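1. Sequence isn't available, so here's the structure alone:
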DNA sequence: GCAATATCCGAGCAATTGCTCGACTTCGCT
DNA sequence: AGCGAAGTCGAGCAATTGCTCGGATATTGC
């Protein structure tokens, strides 16, 4: 019975426990940033968090869940920022791009690692759902600006934007003029979309 | 001494051994395609290749080297095709895109897995060098078509193209009209590059 | 102060990993 | 047929992995 706790095996009730939980997630993030996904072992996470391995398993059913929790933390931040922009009224392409860039460069290595780790082993429905929601929100915002464009093209544009930002975060592209570069790519793609065929 | 054999620990001399070597690399490819990078263990590779684990280590100094060998095989194919196009004379944007697409869709899962695996643990200088050469060749070809464009913008365009092709290979984007979509994105980005400021 | 509850701990287990090594088989040759 | 070199093999080792469990420690409500 108890089919499978969705995530934190046990919800912390004291402030200390909440901090412990956060420390574990943050430790995972740091290891990912500094040593890559290969080094992300449960023992190492616990050690880095300054916590016993047993404590870790008190709150997370398995290693997997820590990653999901981290992804939720990161994506959640971007998501709520995007929602704020959406609520602001009319579509602000520039603001959207700026938010994505800000999020990416806040912790570039982490953002990139998280992006890539998901395709290695699909991280469960929730992480995917958040990614989809970000994409949906972005393409909605985009759709208002560029009138009658197919959904697929909007998603492509979002993909292009994300890729350029990621590449800059990885250091493959210079980061000066990044926003302009992204905007140019998106505009270039979406503007030519109706003029063909 | 013997600082470190660059790759195959020992070069095979009989036809049988060459086949064994190839079988090992191909087994690694298949596992990557069907079960992802997590499942890629040396024992599993040997089993899948129908070969004893000892045999595997006769030709590859470590697990790492198998991956490098596989990457060389895959990237080498694309690279020589691109070089052929370059030699053909004037720049053929369409052909270049077509070649990349063909290569990607030949074994979509594999191409995508290989792309992502490299950022997990940097796979040595050779693999990186081949990636760079592909990028360089592509952007050269592109540079001829689109006259006075900065190198960074050419690289960005190549990145955009590769991303769209990869996304389609992963099933995130439909593959009908892929070539047009890629061409539109590249053209859209590079055309607007000079018209601004 | 004290019990009940919440939190933390880390030795250690079962499983898996990358890899070694010495014994066996097949090949190419005369 | 016979011999050395090339090739193959898989039991098993040292290390590491994800994770459990029973007991120690801290915090709370009284």
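-> Yes, it's here. Just so we're clear, the structure is a prediction, and the values are computed from it rather than from any experiment.

2. show me what contacts the residue of chain A found nearest DNA strand C?
-> Closest residue of chain A to DNA strand C, Cβ to the nearest atom of the strand: residue A:54 (1.5 Å). Yep, even glycine has a C-beta here, placed from its N, CA and C like the rest. Residue A:54 makes contact with no residue, according to Cβ atoms under 8 Å, 6 or more residues apart in numbering or on different chains.

3. Mind naming the longest helix for chain A?
-> Identified as the longest helix of chain A according to DSSP state H is helix A:63-87.

4. quick one: contacts of it?
-> A:7-9, A:24-25, A:28-29, A:32, A:40-42, A:45, A:56, A:60, A:92, A:95-96, A:99-100, A:103, A:110-111, A:114, A:117-118, A:123-124, A:126-127, A:130-131, A:133-134, A:137-138, A:140-141.

5. That one close to DNA strand D?
-> Yes - using Cβ under 7 Å from any atom of the strand, helix A:63-87 reaches DNA strand D at A:63-64.

6. what angle do the very next helix or strand once past that helix and helix A:63-87 make?
-> Later in the chain than helix A:63-87, the nearest helix or strand by DSSP states H and E is helix A:93-106. When axes from the mean of the first three to the mean of the last three Cα atoms, to 10 degrees is applied, the directions of helix A:93-106 and helix A:63-87 differ by 150 degrees.

7. How about helix A:93-106, which residues are buried there?
-> The neighbour-count check on helix A:93-106 (16 or more other Cβ atoms under 10 Å in any protein chain shown) flags A:93, A:95-101, A:103-104 as buried.

8. for stretch A:142-162, same thing?
-> In stretch A:142-162, counting by 16+ other Cβ under 10 Å, buried: A:142-143, A:145-146, A:149, A:153-162.

9. circling back: restrict the contacts of helix A:63-87 to those near chain B?
-> Of the residues in the contacts of helix A:63-87, proximity to chain B by Cβ under 8 Å from any Cβ of the partner chain holds for residue A:117.

10. I'd like to know which of the contacts of helix A:63-87 are buried.
-> In the contacts of helix A:63-87, the ones that pass as buried (16+ other Cβ under 10 Å) are A:7, A:24-25, A:28-29, A:32, A:40, A:42, A:45, A:56, A:60, A:92, A:95-96, A:99-100, A:103, A:110-111, A:114, A:117-118, A:123-124, A:127, A:130-131, A:134, A:137-138, A:141.

11. Restricted to helices, list the residues you listed.
-> Short answer: those in helices (DSSP H) are A:24-25, A:28-29, A:32, A:42, A:45, A:56, A:95-96, A:99-100, A:103, A:110-111, A:114, A:117-118, A:127, A:130-131, A:134, A:137-138, A:141.

12. And for residue A:38, nearest residue in space, chain neighbours not counted?
-> In space, and not counting its chain neighbours, residue A:38 is closest to residue B:121: 5.4 Å by Cβ to Cβ, 6 or more residues apart in numbering or on different chains.

13. Oh, that last question was meant for residue A:172, not what I typed.
-> residue B:159 (7.4 Å).

14. looking at it, residue A:98 is touching residue A:179, isn't it?
-> Yes - between residue A:98 and residue A:179 a contact is recorded at 6.3 Å, counting by Cβ atoms under 8 Å.

15. mind listing what residue A:10 touches?
-> A:58-59.

16. what helix or strand is it on?
-> Going by DSSP H and E, residue A:10 is not in any helix or strand.

17. Distance of it relative to residue A:55?
-> 11 Å (Cβ to Cβ, to the nearest Å).

18. could you list every residue that touches the residue nearest to residue A:165 when sequence neighbours are not counted?
-> Spatial nearest neighbour of residue A:165, chain neighbours left out: residue A:104 (4.9 Å); criterion: Cβ to Cβ, 6+ apart. When contacts are counted by Cβ under 8 Å, 6+ apart, residue A:104 touches A:111, A:165-166, A:168-169.

19. Show the pLDDT at residue A:104.
-> Turning to residue A:104, the model gives it a pLDDT of 92.

20. can you check residue A:5 too?
-> At residue A:5, pLDDT is 51.

21. what does the one 3 residues further on give?
-> Listed pLDDT for residue A:8 reads 66.
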